[in-house]
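Undergrad: Take this sequence and fold it.
(one chain, ligands or ions: 1)
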Amino acid sequence: MDYNRLAEILFPHIDKTPEDYEAIYPPREEGKVITRLGPSPTGFIHLGNLYGAFVDERLAHQNGGTFYLRIEDTDDKRYVEGAVDTIINSLKFFGINFDEGAGCGPDSTDAGDYGPYYQSQRGPIYQAFAKRLVSEGKAYPCFLTEEELAEIRARQEANKMTTGIYGECAEKNRNLTCEEVEANIAAGKPYTIRLRSCGDGEHYICVDDGIRGDVSMPCNYQDVVILKANGIPTYHFAHVIDDHLMRTTHVVRGEEWLMSLPIHIELFKTLGFEPPVYCHTAVLMKLDDETGNKRKLSKRKDPELSLDYYRQEGYHPAAVKEYLLTILNSNFEEWRMANPDADINDFEFTTEKMSSAGALFDLNKLNDISKDVLLKIPADELADFMLEWAKEFKPKAAGALSDKEYLTKILNIGRDEAKPRKDLIYAKQIFDFISYFYDDYFVIEERIPEQVSDEDAREILKRYLETYDHSDDQPTWFEKIRTITADLGYAVKPKDYKKHPEEYKGSVAHVSTVIRIAVTGRSQSPDVWTIQQILGEDRVRARIQELIG
Ligand code: GLU
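TA: Numbers count the residues shown, from 1 in each chain. I've put the predicted structure just below:
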């Protein structure tokens, strides 16, 4: 069989050779870690992407290497306008920046010497390598029609065989003569290019996965498609060519790809390339609220899978990052305990410490971590963050929040104490938590305690207003409340009321609650005196007056 002739019949227009491309894309600096993110441009960017990107970013940047963005857009049905910017911006928000690749240059141009970074623009490259394989007898055109493929599949299923093109059903197309191929092409018959697999499915391949260690699997024996009938490569072929030519050293990707690893290893070998270090990350799981079982995060059921969720809710990127590291690396929490104030990037991230079993994602845990992370961010920085968030997601409140001095004081409440308050979790929650500081959002949300009659409530507030002096310090202020408490027949010590409920109407706690509700609209809040100092005298008086009325 004259395979060179076959290659010319199939790829007459391809004149560049693999050697030409090797020269265009020379090896990078020895010893540098080169990683990439290879998302498809569907516009949906999820936690799994962030999780993977985070590993990529750390591996490359810890080593002074390069992290690039390659768009895997061979499936053009799924292309969504603006998706590349979304990917870049979503990751940038979390502090993950690409050094190179699609849209990473100034004005969203592509940056780097290893492009094009869109697979859809790399057609001739894939074809040059496919042509070479054909000319070496390692790949061949396959004219099996949809119907024939369906028949083969049905037969294999009926015989409980693995489905696919291998063995007998591959024979005919493997052995077509050049004349037959020419005749088929002349007759306009569509064809794919398949790998002529050398595997027997019995020997094992052993791969040292960066996360999982030695992974041993039966070798590939299927004549997988490398170029589809429209000339576009399959994922298998495209990523092998790209990761080789872009000189990727580490491929971080989801566990769902582990199964096709034998195909990829065979492709690397057949093409004469050195495979990268594969790092197959664990699937992100969550505990299902209803069943209590672990399950995969789902796009349909779990809004928290989408990265947009964290931006809309206003999670601080530092919190999300801190949390992701706790699920990514088993020794991170220990490190954090020993180094509470260290920069997160000082933690030495290793793939070996990553779990290969499903990583459990838990929003409650993220919230806990977020409380601690926010405590370390100065209030004025948090104020900026809140304003940025509001501009995008709560524009009506942005005007109010732009008084930075006021907002900073609010956010600082209770943070300087020995045991600081941990009220702040994410922007949306924070806004709800502090909204009573803003007149437009101030509402009386709760009822006064049942121990206090309406008449007493009015009396409490009237006396409170009469004796109110904005310059009182905290103890003086509270002493006045105690006086009102005693005067109106309530216990000054809650203990006394508990012991002898028949002797009092209620206690100082109930009296304070009335005042708290008047000032904040709520029965729970940080220290009322502190709140009043921030609200200012006029607002305090107006609110008390309002409730009396
Ligand atoms: N395009 C693939 C995906 O979106 C990328 C897999 C890989 O990183 O190799 O899942």
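Undergrad: which residues of the stretch 201-350 of the chain fall in strands?
TA: In the stretch 201-350 of the chain, the strands defined using DSSP state E, counting those that start in this stretch lie at 204-209, 213-218, 225-227, 250-254, 277-281, 284-287, 294-296.
Undergrad: got the angle between the first one and strand 277-281?
TA: Just to be clear, that refers to strand 204-209. 80 degrees (axes from the mean of the first three to the mean of the last three CA atoms, to 10 degrees).
Undergrad: and strand 204-209, is it in reach of the ligand?
TA: No - contact of strand 204-209 with the ligand (CB under 6 Å from any ligand atom) is absent, the minimum separation being 13.8 Å. (C-beta placed from N, C-alpha, C; glycine too.)
Undergrad: Can you name every helix or strand that that strand contacts?
TA: On a contact count with 3 or more CB pairs under 8 Å, 6 or more residues apart in numbering; DSSP states H and E, strand 204-209 meets strand 213-218, helix 261-271, strand 277-281.
Undergrad: Can you name the residue of the stretch 101-250 of the chain nearest to the ligand?
TA: Proximity of the stretch 101-250 of the chain to the ligand (CB to the nearest ligand atom) peaks at residue 239, 4.9 Å away.
Undergrad: wait, isn't that residue in contact with residue 264?
TA: Yes - with contact defined as CB atoms under 8 Å, residue 239 reaches residue 264; the gap is 7.3 Å.
Undergrad: Now stretch 57-77: average pLDDT?
TA: On average, the pLDDT along stretch 57-77 is 91.
Undergrad: Establish whether it and the ligand are in contact.
TA: Yes - taking CB under 6 Å from any ligand atom as the criterion, stretch 57-77 and the ligand are in contact, through residue 72.
Undergrad: Quick check: buried residues in that stretch?
TA: Going by neighbour count (16 or more other CB atoms under 10 Å), the buried part of stretch 57-77 is 57-61, 65-74.
Undergrad: Can you list the buried residues in whichever helix or strand residue 388 is part of?
TA: Following DSSP states H and E, one finds residue 388 within helix 379-393. Within helix 379-393, the residues scored as buried using 16+ other CB under 10 Å are 379, 382-383, 385-387, 389-390, 393.
Undergrad: what's near enough to touch the closest residue to residue 234 other than its chain neighbours?
TA: Closest residue to residue 234 apart from its sequence neighbours, by CB to CB, 6 or more residues apart in numbering: residue 225 at 5.4 Å. The neighbours of residue 225, taking CB atoms under 8 Å, 6 or more residues apart in numbering as the test, are 142, 192-194, 234.
Undergrad: at 10 Å what do you get?
TA: Residue 225 makes contact with 139, 142, 165, 192-195, 233-234, 236-237 under the criterion CB atoms under 10 Å, 6 or more residues apart in numbering.
Undergrad: Kindly reformat these as JSON lines and extend each row with distance to residue 119.
TA: Formatted as JSON lines, the contacts of residue 225 follow (distance: CB to CB, whole Å):
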{"residue": "139", "distance to residue 119": "19"}
{"residue": "142", "distance to residue 119": "22"}
{"residue": "165", "distance to residue 119": "24"}
{"residue": "192", "distance to residue 119": "17"}
{"residue": "193", "distance to residue 119": "16"}
{"residue": "194", "distance to residue 119": "20"}
{"residue": "195", "distance to residue 119": "18"}
{"residue": "233", "distance to residue 119": "7"}
{"residue": "234", "distance to residue 119": "11"}
{"residue": "236", "distance to residue 119": "12"}
{"residue": "237", "distance to residue 119": "10"}
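Undergrad: who does residue 140 bridge with?
TA: Legend: beta-bridge partners of residue 140 under DSSP bridges are residue 194.
Undergrad: Counting by contacts, list what the least confident helix or strand in the chain by mean pLDDT packs against.
TA: In the chain, no helix or strand scores lower on mean pLDDT, DSSP states H and E than strand 359-360, which sits at a mean of 82. The contact analysis (3 or more CB pairs under 10 Å, 6 or more residues apart in numbering; DSSP states H and E) places strand 359-360 against strand 284-287, helix 317-328.
Undergrad: Cheers, nothing more for now.
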